[in-house]
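Participant: Generate coordinates for the sequence data below:
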Amino acid sequence: MHPLVRMYLVNFQQVIVKRKGWIADGRDIGMRVMPDAEVKFYLTASVDVRAERRMKDYQESDNSKSLEEVKQEIIDRDYQDMNREIDPLTQLPEAIVIDTSDHTIESQVGVMERVVKGVKR
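Facilitator: A predicted model of the protein is given here:
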């Protein structure tokens, strides 16, 4: 993405989330778009689990990639995102890490809800 487009997009997102109550998801949201967010999560899962999840999505769309190809794409994207010059993917120290490898979507949301309710005093 061109740096000027990226800057415009980040500025636009920051205007949108100025008011409290937003939930945002993305690889640079906590660091760049919402650095003052009350709660930050860093969701992770093993490459194997992520590849299996992606394969399920692909099966619905008749994608013919192998599991090994999907794993390599995930590994490559993670490497690129963690090593890019602008806003590399970083686990922020204040972020609550949730390994979703053994969680359903519902249990992931449950964990996050409990954390957020604990923050709202």
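Participant: okay, CA-based contacts and neighbour counts for the rest of this
Facilitator: Noted.
Participant: List the buried residues for stretch 65-76?
Facilitator: Val70, Lys71, Ile74 (16 or more other CA atoms under 10 Å).
Participant: any idea where the helices of the protein begin and end?
Facilitator: 3-16, 47-60, 67-83, 105-119 (DSSP state H).
Participant: Need the pLDDT of Glu68.
Facilitator: pLDDT, Glu68: 95.
Participant: for Arg121, same thing?
Facilitator: Arg121 is given a pLDDT of 48.
Participant: contacting residues for the residue lying closest to Ala37 once chain neighbours are set aside?
Facilitator: Spatial nearest neighbour of Ala37, excluding adjacent residues (CA to CA, 6 or more residues apart in numbering): Gly30 at 7.0 Å. When contacts are counted by CA atoms under 8 Å, 6 or more residues apart in numbering, Gly30 touches Asp36, Ala37, Lys40, Leu92.
Participant: and the gap between Gly30 and Val49?
Facilitator: Noted for Gly30: a distance of 24 Å to Val49, by CA to CA, to the nearest Å.
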